[in-house]
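Peer 1: need a structure here:
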Amino acid sequence: MTTGNVIKGEFICVVCPNGCAIDALFSRGTSEARPRLISSEGWKCPRGEEWIKQEVEFPMRTISTSVLVNNGD
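Peer 2: From the prediction side, this is the model:
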């Protein structure tokens with residue numbers, strides 16, 4: 001859900017096996033400023049609280065993939 005510059009997001013924490021469902025409100029990023037976490041709820045441990053802040057403000061994701069090619073090395 002989006003209201004002006006505030007976005008409501010639903011996240012699943014991946015830090016530990018709990019897999020907490022976290023609801024977060026954050027400001028929309030612009031070309032001059034990164035998004036900022038306004039509030040969050042649903043995390044069950046301090047690691048979840050830290051994770052959602054990082055995920056909104058400075059996401060660092062690893063993506064692994066494979067690509068099928070013809071006549072490739």
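
Peer 1: what's the distance between the residue positioned nearest the centre of the chain and residue 34?
Peer 2: In the chain, the C-alpha nearest the mean C-alpha coordinate belongs to residue 55, at 3.5 Å (Cα atoms, centre = their mean). Taking Cβ to Cβ, to the nearest Å as the measure, residue 55 falls 12 Å from residue 34. No exception for glycine: its C-beta is placed from N, CA and C like everyone else's.

Peer 1: likewise for residue 15?
Peer 2: Going from residue 15 to residue 34 by Cβ to Cβ gives 21 Å.

Peer 1: which of those two has more neighbours?
Peer 2: Using other Cβ atoms under 10 Å, the more surrounded residue of residue 15 and residue 34 is residue 15, with 18 against 12.

Peer 1: which residues touch the more buried one?
Peer 2: 47-48, 51 (Cβ atoms under 8 Å, 6 or more residues apart in numbering).

Peer 1: at which residues are the strands of the protein located?
Peer 2: For the chain, applying DSSP state E gives strands covering 2-3, 6-12, 21-27, 37-41.

Peer 1: and these as JSON lines, adding distance to residue 63?
Peer 2: Formatted as JSON lines, the strands of the chain follow (distance: least, Cβ to Cβ, whole Å):
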{"stretch": "strand 2-3", "distance to residue 63": "25"}
{"stretch": "strand 6-12", "distance to residue 63": "17"}
{"stretch": "strand 21-27", "distance to residue 63": "21"}
{"stretch": "strand 37-41", "distance to residue 63": "23"}
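
Peer 1: rewinding a little: against residue 32, how distant is the closest residue to the residue nearest to the centre of the chain other than its chain neighbours?
Peer 2: Counting by Cβ to Cβ, 6 or more residues apart in numbering, residue 11 is the residue found nearest to residue 55 once chain neighbours are left out, at 6.3 Å. For residue 11, the distance to residue 32 (Cβ to Cβ) stands at 25 Å.

Peer 1: who's more crowded, these two?
Peer 2: The neighbour count for residue 11 versus residue 32, taken as other Cβ under 10 Å, is higher for residue 11 (18 against 5).

Peer 1: pLDDT value on that one, please?
Peer 2: pLDDT, residue 11: 94.
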